[in-house]
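Q: Provided below for reference: sequence and predicted model.
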Amino acid sequence: MTDERELGEQERLLQNIHRFGGLTGVQVLHLEGDITSQTVRRALDRLQERHPMLAAHLAICGIGMTRELPFLFLRRRLRMGNTRPIPLRVVDGNGDCSTCMQLELKRPIRGWRRPLIRAVFCPSGGKEQPHHLLITTSHAIADARAANRITRDLLDFLGHPDRSEQLEPATGLPPPLESLMPEKSRDDSAPYLPAIRLPTGFNLFRRKQTRVIRHRLTRGQTKHVHAMVAQKRVSLHGLLSALALIHLGKTHKLDELTLLSNVEFRDQCTPHPGEETVGCYIDIIRTRHRTDLALWPLASRIMFGLITTLARNRAGASVLKLPTFEFYRREGWDTLRTGMRLDALTVTSANDSGIRSQHGAIRLRDMHICVSLATVGASYFLVSMEREGALDIHLCHTVPCVSDTMARELLDAIIDGLKGL
């Protein structure tokens with residue numbers, strides 16, 4: 001552990017995307033109870049004391065060189081000393097948080113000595129309305145598991161503001177993924193795998209906005225889904241991906257589509273960074289699939305195809321890298337023409353979040369998750385997360401690249417498929 005280190009390769013790439021407003025994660029917590037801006041401020045301070053990555057800021061430390069465009073880049077270090085408190089903005093009004101969420105998704109986290117996390121508190125507009133607390137992070141410091149860790153700790157601090165326990169101060173930054181994993185497997189004979197995009201009109205210069213819709217299954221429905229997944233020997237990730245790809249293939253009359261899977265590598269790291277660690281330990285892997293197969297065979301192919309790709313050609317299939325000349329030659333114009341859209345779908349399966357509803361006198365009524373796609377990304381971003389035995393399905397999409405009607409039809413198809421297993 002160290003109090004200062006340079007960004008890892010994937011951290012640097014994710015932070016560069018974030019600087020242009022891309023892949024920013026926002027968790028919206030809808031809370032009931034006696035909460036004030038002072039209470040939130042104390043909870044954020046305690047959160048920053050507990051997690052080193054939230055107590056660090058970025059500092060420029062020189063110029064680096066790469067083999068791909070743009071060849072030169074500013075090297076940045078994570079530095080814990082003299083970091084400012086987590087920024088908190090209080091928005092007075094009627095308790096509506098939709099406008100705040102859109103602003104948070106678009107606005108990168110910048111500022112001298114500022115941490116890569118910020119918060120917005122929207123007090124309740126009436127007795128029957130909940131408070132809204134928005135937590136915004138750069139993907140460079142928080143994957144899905146880390147975001148859930150942040151939420152659990154924050155809710156605990158909010159629910160027990162007078163708890164006298166002593167927190168150990170943040171003493172060292174966790175290492176980047178690259179230092180905990182063997183070198184990426186490489187298959188030089190593997191052909192380049194370009195993205196297969198959904199058809200969309202030319203909209204490079206049109207203003208884009210990321211929106212999210214959600215459905216929550218009941219505990220009984222969730223238990224049945226897990227039973228069917230176990231019976232068919234597939235993964236929940238494969239099942240959700242298959243339901244989405246089948247619908248998109250039929251809707252757009254495409255026999256094949258590419259899929260982006262966010263893969264968690266904490267359990268493969270040596271030494272293990274720990275479940276309590278806030279950091280980013282993921283890779284984004286591209287695989288290609290036919291959409292005209294039956295549901296369970298396709299779900300199985302997605303699961304085993306991802307396993308095989310990780311074993312044989314993780315380096316070639318990873319999209320967390322600088323674009324190569326082959327990308328510019330074969331996909332550059334299509335990427336620009338479609339408003340920086342890549343593959344049809346990205347899927348993250350976060351499993352059990354460990355987030356509870358009751359924390360002392362504070363109750364979590366509901367929560368929403370959104371990841372900004374307006375700068376660059378797939379047409380759809382599907383996030384599944386289990387909370388207290390019930391499965392939450394969040395579907396992010398970017399308008400006008402995808403209409404609200406199309407997104408609703410996709411989510412309905414996924415939910416209907418899960419209920420009809």
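A: Looks like it arrived, so ask away.
Q: so where do the helices sit in the protein?
A: 9-18, 37-50, 98-106, 144-159, 219-232, 236-252, 295-317, 325-337, 404-419 (DSSP state H).
Q: what's near enough to touch Lys232?
A: Each residue near Lys232 by Cβ atoms under 8 Å, 6 or more residues apart in numbering is listed here: 296, 299-300. Quick note: C-beta positions are derived from backbone N, CA and C, even for glycine.
Q: of those, closest to Pro191?
A: When the contacts of Lys232 are compared for distance to Pro191 (Cβ to Cβ), Ser300 comes out closest, at 23.5 Å.
Q: what score does the closest one have for pLDDT?
A: At Ser300, the model reports a pLDDT of 97.
Q: thought it was touching His237?
A: No. Applying Cβ atoms under 8 Å, one finds Ser300 not in contact with His237, separated by 11.8 Å.
Q: among the helices of the chain, which comes closest to Arg365?
A: helix 144-159 (11.8 Å).
Q: how far off centre is the closest one?
A: The chain centroid and the centroid of helix 144-159 are separated by 15 Å under Cα atoms, centre = their mean, to the nearest Å.
Q: tell me what that helix is packed against?
A: Judged by 3 or more Cβ pairs under 8 Å, 6 or more residues apart in numbering; DSSP states H and E, helix 144-159 is in contact with strand 24-32, helix 37-50, strand 131-138, strand 256-264, strand 345-352, strand 358-359, strand 362-371, strand 380-387.
Q: hey, which of these is tucked in deepest?
A: Of all these, strand 131-138 has the most neighbours on average by mean count of other Cβ atoms under 10 Å, namely a mean of 24.
Q: so how far is Phe265 from Val278?
A: For Val278, the distance to Phe265 equals 15 Å [Cβ to Cβ, to the nearest Å].
Q: hmm, I typed the wrong one, I wanted Arg12.
A: 17 Å.
Q: the two: which is more packed in?
A: Arg12 (20 against 17; other Cβ atoms under 10 Å).
Q: that one against Arg76, yeah?
A: Yes. Contact criterion Cβ under 8 Å: Arg12 and Arg76 qualify, at 7.0 Å.
Q: who's in contact with Pro108?
A: Contacts of Pro108 by Cβ under 8 Å, 6+ apart are 18-21, 24, 138.
Q: which pLDDT does the model give it?
A: Model confidence at Pro108, given as pLDDT, is 94.
Q: could you do Lys321 as well?
A: For Lys321, pLDDT reads 86.
Q: do the same with Ser164
A: pLDDT, read off for Ser164, is 52.
Q: now swap in the one 5 residues further on and tell me
A: On the pLDDT scale, Pro169 is placed at 63.
Q: before we move on, the earlier item: and the helices of the chain: which comes nearest Pro271?
A: helix 144-159 (16.6 Å).
Q: dump the C-alpha coordinates for that closest one into CSV.
A: What follows is helix 144-159, C-alpha atoms only, in CSV (Å, rounded to 0.1, in the frame of the first residue of the first chain):
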residue,chain,number,x,y,z
ALA,A,144,-20.0,-2.2,-9.5
ARG,A,145,-18.8,-4.0,-6.4
ALA,A,146,-17.0,-0.9,-5.1
ALA,A,147,-20.1,1.3,-5.8
ASN,A,148,-22.2,-1.0,-3.7
ARG,A,149,-19.6,-0.9,-0.9
ILE,A,150,-19.8,2.9,-1.0
THR,A,151,-23.6,2.8,-0.8
ARG,A,152,-23.6,0.4,2.1
ASP,A,153,-21.2,2.4,4.1
LEU,A,154,-22.9,5.7,3.4
LEU,A,155,-26.3,4.3,4.4
ASP,A,156,-24.8,3.0,7.6
PHE,A,157,-23.2,6.3,8.4
LEU,A,158,-26.5,8.1,7.7
GLY,A,159,-28.4,5.7,9.9
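Q: pLDDT of that helix, averaged?
A: For helix 144-159, mean pLDDT rounds to 94.
Q: which residue, other than its chain neighbours, is closest to Lys250?
A: Thr291 (7.4 Å; Cβ to Cβ, 6 or more residues apart in numbering).
Q: my read: that neighbour touches His252, true?
A: No. In this structure, Thr291 is not within contact of His252 by Cβ under 8 Å, at 9.1 Å.
Q: more neighbours: those two, which one.
A: Thr291 (22 against 16).
Q: Glu409 versus the more buried one, what's the distance?
A: Counting by Cβ to Cβ - Thr291 and Glu409 are separated by 15 Å.
Q: Thr346 now?
A: According to Cβ to Cβ, Thr346 and Glu409 sit 18 Å apart.
Q: cool, Gly111 as well?
A: For Gly111 relative to Glu409 (Cβ to Cβ), the value is 41 Å.
Q: model confidence score at Pro191, please.
A: 72.
Q: now the helices and strands packed on helix 144-159 as JSON lines including distance to Leu158 and mean pLDDT?
A: Formatted as JSON lines, these follow (distance: least, Cβ to Cβ, whole Å; pLDDT from 0 to 100):
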{"stretch": "strand 24-32", "distance to Leu158": "7", "mean pLDDT": "95"}
{"stretch": "helix 37-50", "distance to Leu158": "5", "mean pLDDT": "94"}
{"stretch": "strand 131-138", "distance to Leu158": "8", "mean pLDDT": "96"}
{"stretch": "strand 256-264", "distance to Leu158": "27", "mean pLDDT": "96"}
{"stretch": "strand 345-352", "distance to Leu158": "21", "mean pLDDT": "92"}
{"stretch": "strand 358-359", "distance to Leu158": "6", "mean pLDDT": "94"}
{"stretch": "strand 362-371", "distance to Leu158": "5", "mean pLDDT": "94"}
{"stretch": "strand 380-387", "distance to Leu158": "17", "mean pLDDT": "96"}
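Q: export these to CSV and tack on distance to Lys223?
A: Listed next are the helices and strands packed on helix 144-159 as CSV, based on distance: least, Cβ to Cβ, whole Å:
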stretch, distance to Lys223
strand 24-32, 25
helix 37-50, 33
strand 131-138, 29
strand 256-264, 23
strand 345-352, 13
strand 358-359, 22
strand 362-371, 21
strand 380-387, 11
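Q: quick one: closest of the ones you listed to Asp92.
A: Closest among the helices and strands packed on helix 144-159, using Cβ to Cβ: helix 37-50, at 9.8 Å.
Q: which residues touch that closest one?
A: Residues from elsewhere that reach helix 37-50, judged by Cβ under 8 Å, 6+ apart: 54-55, 83, 85-86, 88, 90, 115, 119, 121, 123, 133, 150, 153-154, 157-158, 161, 167-170.
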